[in-house]
Structure formats: C-alpha cells, structure tokens
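1. Structure, please.
(chains A and B)
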Amino acid sequence: MRARHSSLWLGGALASFALSAAVLSLFWAPYNPEMQNIAGQLQAPSLTHWFGTDHLGRDTLSMTLAGARNSITVALVAVMIGMGVGVPLGLFAAAQRGWVDSLLMRINDLLFAFPALILAILITAIFGPGAINAIIAIGVFNIPVFARLTRGAALSIWAHDYILAARLSGKTALRISWEHILPNLAGLLIVQGSIQFAMGIIAEAGLSYLGLGAQPPASSWGRMLFDAQTMTGFAPWLAIFPGLAILLSVLGFNLLGDGLRDVLDPRQKGHRE
Amino acid sequence: MLKNGMVIAFLFLLLACSPATPPSGVVLGMQLEPPGLDPTRGAAGAIDDIVYANVFEGLTQIAEDGSVKPALAKSWTVSPDGREYIFHLQKDVRFHDGSVFDANDVRFSLNRARAPDSVNAQRGLFAPIMDVEILDPLSVRVTLNKPVGDFLFNMGLGDAVMVDAASANGNVAHPVGTGPFRLERWQKGYAITLRRNEGYWGKKALSETIKFVFIADPAAASAALLAGDVHGFAGFPAPENLPVFEKNPRFDVLIGASEGETILAINNGRKPFDDVRVRRAIAYAINRQELIDGALFGRGIPIGSHFSPGHRAYVDMTGIYPYNPQKAHELLTKAGYPDGFSATLKLPPPSYARRSGEIVAAQLNQVGIRVKIENIEWAGWLDQVFANKDYDLSIVAHTEPMDIGIYARDDYYFQYHSQAFKALMEQLTLASDPDERDALYRKAQRMIANDSVNGFLFQLVKMGVWDHRLKGMWKNAPIQGAPLRGIYLEN
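-> Below is the predicted model of the structure:
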C-alpha cells in the first residue's frame, strides 16, 4: 500500500513543506526580506545567512520564504478562480447540452488554444504588471481546464440510472448537478486542483521573471531568478535556492496530484481492482 | 545509390577543408539594435554607435578627449565676432555610391537639418545658422545669427554628418556616407556588417569588416565573449560580470568616463515636489555610495549635479547634500509632511535603473516617503514620463554630451521653470571664450544642485570588454559613437 502511494507521500511532504514555509513567513523570517544592507552584499551561505545574501545585501533565505508565500497565494487564488468559474460552467454545459454546451465549449477551446503564459502576458500587458493581475491572468487560464474536465465527467454521470431516477422524481437539472453530480466529481477536482496549483507556481515564476508579476520590493521566486542570472558565475546561491524552491514545490504538487488520483479517482480504482 | 553516397562524402570533404570561420574581421557586441541607420533622423544612441565616423562623417570630428578635430573640413577660420565660419573642405572625397562630395553637399546637409520640416533629433543645434554660402566647390561660409560657443563641437556630432541629396532619404535603411566603412549587410534582429571603403579619402581602415551583433541579454553577452563569438563590447551591460573578464588574460577591460548622468528625475511641476525643501529632503535621503555598490557593483562615479566628472568645467557638488536621513526628515516636517507622503517611481528597463530604483525606494522609505515602484517598458517611459510628464519620480541616464541646457527647456519633463537658469543658458550661448564658458557651466551646475531639481545619483562608466588581440579601441566616450577605423585583430 505504502509503496504504491509513494508519490502521494513524497508529493504530500514536499507540498506541505512549501505550504509551511509560506505560512511560516507570515509570522517569522530570519531577516526582513526587504531590508537592504549593501555593505553586506553577495555573501556566500553561512551560519548568519543560511542561503547567503543578494546584490542588495538582502537575506536570500528570508526572500525565498517570502517568495513561497507569494507563489502559493497566487497559485491558490488562481485555482480558486478557475474552479469557481470553470466548474459551474462545466456543470451547466453538461446539464443543458445542445447549443449552449457547444457554444461554451467552443469558447473554452478558444481560450485553451492560447499557450498559458502568452495569455497571462497578454492580460498583464493590458492591465499592467502586479501580483493581483498575475493572479487574474493565471486564474483565467484555469477556467477552461476546470470547465472542460467538469463537463466531460458530468456527462458520463448524467447517463447513470440513479440520475434518471432523480429526474423522474422531479428534481431540476440545477439541483441534480449540485446534489448528485458535483459530489461525484470532488475527487477529480481535487486532483486537477493540485496539478493546476503546480502550474500556477510555474506560471507565477514565469511572469515575475518577465517583470509582470509581483513588483519589487515584494519577493518572488521568478524575479529572484531574473536578478540572479547575470550573477550565477560568482554567486550561484542566488539562483540555486529560488530555483530549488520552484522545482521542489512544483514537483511536490504534481506528485501529490498523481498520488491523489491513484487514491481518489474512481475510474482508476476500477482498473486496479 | 552508391553515386549519391559518394557525392555526399565529397561534400563533407569540402566542408571539412573550408575554414570554420572567416579569419579577418572584427565582431563587436551591442546591446540594442538601432531602429534605422540615419543619424540625422533618429535620436537612438545605437545609430551613432555604428555609423558615426564609420559610415558618415561631419565637417569636424570629436576626438577621444572631447576636443574638436578636422574631418571633411580640413581647416576653418572664424570671424572675430564669432558669427562667420569659413570651412575648407577635403579634396577628392566621394560618397559610397561614387558621387563627389563638395560644397553643395555641405549646403544641402545643413539646410536640410535646419529646415522647418527637418526631422533632425537635435534641430536646435542648427537653429542659429542663418545662411550657408558656397564660395567655391571646396569652401563654404556659414553665417550664424549669434555667436555659438560650441558650434564646431556641434558640427562634429552624429546629427550634423554630411549627406548627399540623391541618397539622403534612403539613409535609414541604405546609408550612403563618405566614411571609411560602408554598409554591407543588415540582418534585422541579428547583425549589421560594415565593409572597408577601399576608395576612402583618408587613411584606410585596418580591419576589412566590422560586424555588430545585437545581444540584448547581459548573461548572453558574457557567454558570447567567453565563447569568442564576439571580440568586444564597447558598452558591456553587466558590471557584475566584469571581474570574470578582469581575471581572464584573454580579455582587456577598459573603464572610461561616459556622458551618462544618471538622475532620480523629479516632477518639479507636481505637488509636493514643487517645494524645494521636499526635493532637498530627497537629496539628503539618498546614499550614493550604496547605490553605486548595490546597482553598479562599485562601477560608477557619484555626481552632485548634471555634469560629467570627466569635463574640465566639472565642479564636485556631491558634498552639498550629504546623506543625512535625520536632516531629510526635518526638512519634510518643515515642508508640512511630518509623516511623509506616497509617491510612485517609474522605472525604464535598463538594469541600472531597475536596480537603483529598488535601492532608492528603500532609502526614501526610511525618511517616510513611501515609494511604490512601477516597472515600465521604454515605449511607456517615453510616452508617460518623457512626453506627458505623468510621473512623480523616475530614474534614467541622460547620455547626451553637455546637456545641462535641458534644464532651461520649458517643455522638458523635469518641469523646472527657473528664469535665473534660463538667463544663464542664454548667456552661455553667447559666450565663445572657453574660460568664460567654463565659468558659466560651473555656475549652472551649482544652480541646479542648489535647487535640487533632481536627485543626482551617479555617472555611468563606459565598460569596455575586449579580446586581448583587439587593438585600437577608445576607452572614453565623449560623445555617442566612436571611430573604428583604427581597430584591428592582432594575430
């Protein structure tokens, strides 16, 4: 059992590590991540600065922690936007079928056809850079993902006999969607949510790297990497730590998603047994 | 089948025999690609970096020490009242397309630059010209409506190069000049190649070709140098990587003075920055050494006014508002802001601006000025800050030479409207005696420092990284662009 769910455990551990770093940074960090001390710039990792300092003398560990908070907030809210809009849309399309379904799904396809990052760049270019706009941009990209997933799964559930029974008992499509369809989708949505969460972290880092995410002095992993790129030759720690943070948290949430799918997804379960 | 195989094998053999890269020719890296190649039309510094004194030449030329040297005019005389210049032109000069350069071209070029519909970026420089008269095919008399002290210097700028009437309108894409190099190829988005002009009137260029490769990313610039893809960068974009090249015997690092005064531009027309106490408070709040160390890795020269430390008329004004947050706070209190205020700081893309911005924001925050950083693209900067004056604070380097006169311009984005300063600049245009001019320049520096018009941060240095085998480069940058006639790769 444990061996089969190794990705769940490893992913869960990494993800909760990232989450706890983010939560920790709310209350405590070794130093103020925005505090500059130019006299102490570019120090290699040491006991006083575990992750070293950057070109402005800021503590890289504190910045990485604050960056975790930024990344996770952005990813979390973006997933919530995606679910909040995408799931009802998918349920609605599945319940209505016909031209409503077709129209919604074609709009979805249109959104889907844009690469995620390009869409996010477009949105931040129009509304200006900043953490809030980054959240909206990534959130908008999440909508079609959840809408399509929800619709597909909902359609197959609608075909079941107990739904027919519910319809015969006079329940409205809305009520059936809410009472019977959605609960059956929960596992699927949690799995997709954690995968989209990982995507959100990458997208946020990409936007910040391009200067379109959180604005300075707020810390973000993407901008730390951008700042570090000309300094990797003599201050590699500036790139290594935020890079590792992105790598491990994305890996963590992806593995968590995979692991959760093994446990929660009823179809996969059916295959196993 | 066998036959095909043999042909392919033969082709491979040929490929193996031919040298991997053509040996002669110099490859230089540049961060920005110019939008066009006509220096009499565009203001972009990258244009002059490529064509100045290489493709196009003026009547005079600015030497590495900033002095004026003869170019297409081999000599000149100035009338005692300073209003008449007679230029004697070089003989047997031809444009790249074969047409002859003579007094007609001088008259055409100067009249074109000063015409009402002129698109010259520095049209003001030509405004004092009243008349251009052809005395004979090789001499021209230029009459000014008032003496202009640095007229000969102005004639040596990229904006005043000589062009031919037949080709002038095509110079943006197909430059035709008199210089030691002509344009061979422009691969948009990648490189521009110049080839030696074998019919050059003067001493011919040493290198057969010069190729400018555009590399925007500082990390890629380092990589290209280390890999030997480019032989040098006149303006290396990443000061933090200089130690890598200083330690490497394959490279020479030349640090020279530039004309880039980097300022914290303050919108003097906007509250609360219209109050000189607030502006002085900002000056006291800025720690220049921290800025130079943090943003430029120590490669910068502190300035206290808008003037290059390399110039002989420079006065060091860095001492009048030394870093003193306590005093900054007192001044803010006196001005009616005991709790400070909020302001936005709009930053253009160059790393010196973005990095300085973070430091300046932190320094101003310490005295209670809550600064919100807004990173914008160049187009946005030109539009919002420069043209529409929609900003509180900004950071930018002013790289035009001897440009203190911008503080007298009514429509300039600083919005510094000082009658006293305007009168001083008026005096300066009339003065032609070098000592008198220097004295006026000193007075001007003191005046804008005193009024704390902007936050004066640092002078950018020109960081040249060169392949050790490359000889003949300029260290200093008195103006934008440098002659490459004497540059060559030693074997």
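2. count of residues packed around the residue in the stretch 1-150 of chain A that chain B sits nearest to?
-> Residue nearest to chain B within the stretch 1-150 of chain A: residue A:38 (4.2 Å; Cβ to the nearest Cβ). In this view, the C-beta of every residue, glycine as well, is placed from N, C-alpha and C. Residue A:38 has 21 neighbouring residues, counting by other Cβ atoms under 10 Å in any protein chain shown.
3. tell me the contacts of it?
-> If you count contacts by Cβ atoms under 8 Å, 6 or more residues apart in numbering or on different chains, residue A:38 has them with A:56, A:57, B:290, B:293, B:294, B:359.
4. pLDDT and neighbour count added to those residues, as JSON lines?
-> Converted to JSON lines, these look like this (pLDDT from 0 to 100; neighbours: other Cβ atoms under 10 Å in any protein chain shown):
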{"residue": "A:56", "pLDDT": "88", "neighbour count": "24"}
{"residue": "A:57", "pLDDT": "89", "neighbour count": "20"}
{"residue": "B:290", "pLDDT": "92", "neighbour count": "22"}
{"residue": "B:293", "pLDDT": "92", "neighbour count": "20"}
{"residue": "B:294", "pLDDT": "90", "neighbour count": "26"}
{"residue": "B:359", "pLDDT": "94", "neighbour count": "23"}
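5. Next, format these as CSV and append secondary structure.
-> Putting the contacts of residue A:38 into CSV (DSSP: H, G, I helix; E, B strand; the rest coil) gives the following:
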residue, secondary structure
A:56, coil
A:57, coil
B:290, helix
B:293, helix
B:294, helix
B:359, helix
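6. nearest to residue A:128, of the residues you listed?
-> residue B:359 (23.1 Å; Cβ to Cβ).
7. My guess is the closest one contacts residue B:295. True?
-> Yes: with contact defined as Cβ atoms under 8 Å, residue B:359 reaches residue B:295; the gap is 6.0 Å.
8. Near residue A:84, how many other residues are there?
-> 15.
9. how far away is it from residue A:145?
-> 13 Å (Cβ to Cβ, to the nearest Å).
10. Now do the shared contacts for these two.
-> Residues touching both residue A:84 and residue A:145 by Cβ under 8 Å, 6+ apart: none at all.
11. on that earlier part again, next one, pLDDT for the residue of the stretch 1-150 of chain A closest to chain B please.
-> At residue A:38, the model reports a pLDDT of 84.
12. From the structure, what's the count of residues near the closest residue to residue B:156 other than its chain neighbours?
-> Here the nearest residue to residue B:156 in space, its sequence neighbours aside, is residue B:60; by Cβ to Cβ, 6 or more residues apart in numbering or on different chains that works out to 3.9 Å. Using other Cβ under 10 Å, residue B:60 has 23 neighbouring residues.
13. can you check residue B:190 too?
-> 12.
14. Write down the beta-bridge partners of the nearest residue to it once chain neighbours are set aside, one by one.
-> Excluding the flanking residues, the one nearest residue B:190 by Cβ to Cβ, 6+ apart is residue B:214, at 6.5 Å. Beta-bridge pairing for residue B:214 (DSSP bridges): residue B:30.
15. wait, doesn't residue B:123 sit right on residue B:110?
-> No: counting by Cβ under 8 Å, residue B:123 does not reach residue B:110; the two are 11.6 Å apart.
16. picking up where we left off before, report the separation between the residue nearest to residue B:156 and residue B:180.
-> With Cβ to Cβ as the criterion, residue B:60 and residue B:180 are 16 Å apart.
17. Just the residues contacting the helix or strand in which residue A:224 is found, thanks.
-> For residue A:224, the host element (DSSP states H and E) is helix A:221-228. Helix A:221-228 is contacted by residues A:54-55, A:60, A:63-64, A:67-68, A:70-71, A:204-211, A:213-214, A:216, A:235, A:238-239, A:241-243, A:245-246 when judged by Cβ under 8 Å, 6+ apart.
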